[in-house]
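[1] Just a sequence and a predicted model for now, questions to come.
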Amino acid sequence: MSTPVVSTCSLAQIPTTKIRPVKNFHPNICGDQFVAYIPEDKVTRACKEEQVEDLKKEGRRKLMAATTTSPSQLLNFIDAVQWLGVAYHFEGEIEEALQNIYDSFHDANDMDGDDLYNIALRF
């Protein structure tokens, strides 16, 4: 014999979905800039890549020119390049410059670099 299944759950116990009020938010400050994105053409992209390469060459030239200055000025320049977040473009040049500073550390008579900031940069 089978026994009938009796539900102990009434309709009052079944959770109902809540209707949430709709909120009108202010317009986005970016507007539809990202929605209406149009990729740049090949000519514009090539021009921008050429500008980037020119800026890299100029950065390398300035880094090499800074090697002839005092070690504290070179460390300040390297620190600025690293803070800008573009040091990965000049890793080889920075390594070479730091090695030169390390090799000539005891020979240098850099009196302007004895303050705490320059000592921290050397560290």
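    Great, that's in hand.

[2] T44: what secondary structure?
    Put simply, T44 is helix when judged by DSSP: H, G, I helix; E, B strand; the rest coil.

[3] could you check the distance from it over to K56?
    Distance, T44 to K56, by CB to CB, to the nearest Å: 19 Å. Just so you know, the C-beta spots here come from the backbone N, C-alpha and C atoms, and that holds for glycine as well.

[4] ok now do the residue nearest the centre of the chain, which residues does it touch?
    Centroid-nearest residue in the chain: G85, 5.9 Å away (criterion: CA atoms, centre = their mean). Residues in contact with G85 (CB atoms under 8 Å, 6 or more residues apart in numbering): none are found.

[5] So which of T44 and K56 has more stuff around it?
    K56 (13 against 10; other CB atoms under 10 Å).

[6] What helix or strand is that one located in?
    helix 42-66 (DSSP states H and E).

[7] For that helix, which helices and strands make contact with it?
    Helix 42-66 sits against helix 71-84, helix 91-103, with contacts defined as 3 or more CB pairs under 8 Å, 6 or more residues apart in numbering; DSSP states H and E.
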